[in-house]
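Colleague: no FASTA, just this:
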C-alpha cells in the first residue's frame, strides 16, 4: 500500500518546503521505516543548494513499518538506526574492513561508482508525480522513509530515547570513530580539539571515554567552550579571529603541556585551518582532519617535522553493525553523553527555526522529532 509521508524537500536553490511524498511498497531488499527522530547538521543545510529537488536528512532513528519479501533480519516494530554509509560487504574496501568507503554503495566516495551526495539509485519515492532522490539515499526528514536493508542497524527498543539514537549515525559516529578507530588514542595522552560544534563535542567526549588525561578545546565562541567543558574538556582556549592558522593557539597549547599534544583533531570545516592540527602536536604526534575539508590548501611542510602523522578518516571509519552497538552500550553506561548533546527538539514544521539555531551556534545538537 502506498504511503503519504510529510517531508522536508530541498528545492535546490537554497530553499525548502514541507510537502507530502508518496512511498511505494518496498522492493525485496528494502524496508519502510516510520521515523521517530532525525538529527540536524550543517550537511543538511548545505543540501538546500545541491541544485536539485531532494528529500532532506541523513541522520535518524525509527521503527520498521514494512519489509520487502527478501528481508529476514527485520520485522515490523523493530527499532533501528539509519546509516548513510551502507556497506555492500563484497567490494575491495569492504572485504578489508573499510565499510565506510564501500566502492559500490557510498554516496560520497569516488573510486568505485563515485556517487555524489544525495544521488539515490533507488526507486519508490515520488513527489508531484516524479521520482525524487533522498539525501544520502535516506531522506530522514520525512515521516516515513524507504531504504535498503543494509542501511539499518537494529537496536534495543526498551526505553529507547530515539533522539539520542538518531544522532549516532553521523556526528556521534564521526567524532567517536575519529578518536577510537582512526587515531586509536592511548589512555593517559593529551588531545587538542579545534572547533566545538556537534562533531567537536563528540570528539571531546570520545577522548574522555578513551582515557585522555588532558583535553584542550579551542573555539572562537565562548558559549561552545562552555559546552566543551560539559563534555570532558579539561582546558579551553578562546581563539582570535585574526590568529591565522591558529599559531597563537599552538603556543598556548605548548605552554599548557610543555610540548605539543599527542593528538589534535580539526573539527571546524574551515579550509584555512586544514593544517592547523599539525601545529598543535608534538614530534611523532598524530593530527586528524575530522571535518572533511575538500578544497585545495597550502601547507608549510615544516609543520610535518618530525615524524608527525596526518590522517583524514571518513565517518570515523564506521563499521555500522560493530560500532553502533558499541556506542549504544557506552551511552547506556553513561559514558557517552548523547542526551546532553541534544540542546533542543523541534517538529518538522519548525525546521526553519532549527536551521537558524544551527547557523547561530546556539545548539550542541538539534533534533527533529516526529
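Modeller: On my side now, so go ahead. From a predicted model like this one, the values you see are computed outputs, not experimental measurements.

Colleague: Could you break the chain into its assigned domains?
Modeller: Domain assignment for the chain by automatic domain parsing gives 3-169+337-369, 175-314.

Colleague: how far away is the residue nearest the centre of the chain from residue 199?
Modeller: When C-alpha atoms, centre = their mean is applied to the chain, the residue found nearest the centroid is residue 170 (2.3 Å). Counting by C-beta to C-beta, to the nearest Å, the gap from residue 170 to residue 199 is 8 Å. C-beta: built from backbone N, CA, C; applies to glycine.

Colleague: Pull up the overlap in contacts between those two.
Modeller: residue 41 (C-beta atoms under 8 Å, 6 or more residues apart in numbering).

Colleague: The residue nearest to the centre of the chain: what's it in contact with?
Modeller: Residues counted as contacts of residue 170 (C-beta under 8 Å, 6+ apart) are 39, 41, 43, 58, 59, 84, 315.

Colleague: Which of the residues you listed fall in helices?
Modeller: Judged by DSSP state H, the contacts of residue 170 include residue 43 as members of helices.

Colleague: Out of the contacts of residue 170, the closest to residue 20 would be?
Modeller: When the contacts of residue 170 are ranked by distance to residue 20 (C-beta to C-beta), residue 58 comes first, at 20.3 Å.

Colleague: Can you report how many residues lie near that closest one?
Modeller: By the criterion of other C-beta atoms under 10 Å, residue 58 has 28 neighbours.

Colleague: Pull up the gap between the spatially closest residue to it that is not a sequence neighbour and residue 245, please.
Modeller: Counting by C-beta to C-beta, 6 or more residues apart in numbering, residue 58 lies nearest to residue 136, which is 3.9 Å off, once chain neighbours are set aside. To residue 245, residue 136 is 32 Å away according to C-beta to C-beta.

Colleague: the more surrounded of the two?
Modeller: Legend: neighbour count by other C-beta under 10 Å for residue 136 and residue 245, higher for residue 136 (31 against 17).

Colleague: isn't that one right up against residue 106?
Modeller: No: using C-beta atoms under 8 Å, residue 136 makes no contact with residue 106, being 9.6 Å away.

Colleague: isn't residue 106 right next to residue 85, touching?
Modeller: Yes: counting by C-beta under 8 Å, residue 106 does reach residue 85; the two are 6.0 Å apart.

Colleague: And the host helix or strand of residue 164, what does it pack against?
Modeller: For residue 164, the host element (DSSP states H and E) is helix 162-166. Here helix 162-166 touches strand 30-39, strand 60-67, strand 79-82, helix 338-341, strand 366-369, going by 3 or more C-beta pairs under 8 Å, 6 or more residues apart in numbering; DSSP states H and E.

Colleague: For the fourth one, give me every contacting residue.
Modeller: Judged by C-beta under 8 Å, 6+ apart, the contacts made with helix 338-341 from elsewhere in the structure are 161, 164, 167-168, 172, 198, 201-202, 205, 230-231, 331, 364-365.

Colleague: where's that helix relative to the chain centroid, distance-wise?
Modeller: With C-alpha atoms, centre = their mean, to the nearest Å as the basis, helix 338-341 stands 15 Å off its chain's centre.

Colleague: again with the longest one
Modeller: In terms of C-alpha atoms, centre = their mean, the gap separating the centre of strand 30-39 from the centre of its chain is 17 Å.

Colleague: Parallel or antiparallel, which strands does that strand pair with?
Modeller: strand 60-67 (antiparallel), strand 144-148 (antiparallel), strand 366-369 (antiparallel) (DSSP bridges).

Colleague: would you list every one of the helices in this structure?
Modeller: Using DSSP H, helices in the chain cover 42-46, 162-166, 171-177, 198-210, 222-230, 247-257, 276-280, 320-332, 338-341, 351-360.

Colleague: export those helices to a markdown table and tack on mean pLDDT?
Modeller: Shown next, in a markdown table, are the helices of the chain (pLDDT from 0 to 100):
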| stretch | mean pLDDT |
| --- | --- |
| helix 42-46 | 92 |
| helix 162-166 | 96 |
| helix 171-177 | 96 |
| helix 198-210 | 97 |
| helix 222-230 | 94 |
| helix 247-257 | 97 |
| helix 276-280 | 97 |
| helix 320-332 | 95 |
| helix 338-341 | 94 |
| helix 351-360 | 95 |
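
Colleague: Any chance of these in JSON lines with mean neighbour count and distance to residue 101 as columns?
Modeller: Below are the helices of the chain laid out as JSON lines (neighbours: other C-beta atoms under 10 Å; distance: least, C-beta to C-beta, whole Å):
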{"stretch": "helix 42-46", "mean neighbour count": "18", "distance to residue 101": "17"}
{"stretch": "helix 162-166", "mean neighbour count": "26", "distance to residue 101": "23"}
{"stretch": "helix 171-177", "mean neighbour count": "28", "distance to residue 101": "13"}
{"stretch": "helix 198-210", "mean neighbour count": "28", "distance to residue 101": "18"}
{"stretch": "helix 222-230", "mean neighbour count": "17", "distance to residue 101": "30"}
{"stretch": "helix 247-257", "mean neighbour count": "16", "distance to residue 101": "31"}
{"stretch": "helix 276-280", "mean neighbour count": "27", "distance to residue 101": "21"}
{"stretch": "helix 320-332", "mean neighbour count": "18", "distance to residue 101": "13"}
{"stretch": "helix 338-341", "mean neighbour count": "18", "distance to residue 101": "26"}
{"stretch": "helix 351-360", "mean neighbour count": "15", "distance to residue 101": "27"}
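
Colleague: Pipe the ones you listed into JSON lines and attach distance to residue 90 per row.
Modeller: Below are those laid out as JSON lines (distance: least, C-beta to C-beta, whole Å):
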{"stretch": "helix 42-46", "distance to residue 90": "27"}
{"stretch": "helix 162-166", "distance to residue 90": "28"}
{"stretch": "helix 171-177", "distance to residue 90": "22"}
{"stretch": "helix 198-210", "distance to residue 90": "30"}
{"stretch": "helix 222-230", "distance to residue 90": "41"}
{"stretch": "helix 247-257", "distance to residue 90": "44"}
{"stretch": "helix 276-280", "distance to residue 90": "35"}
{"stretch": "helix 320-332", "distance to residue 90": "15"}
{"stretch": "helix 338-341", "distance to residue 90": "32"}
{"stretch": "helix 351-360", "distance to residue 90": "37"}
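
Colleague: Right, I'll call it a day here.
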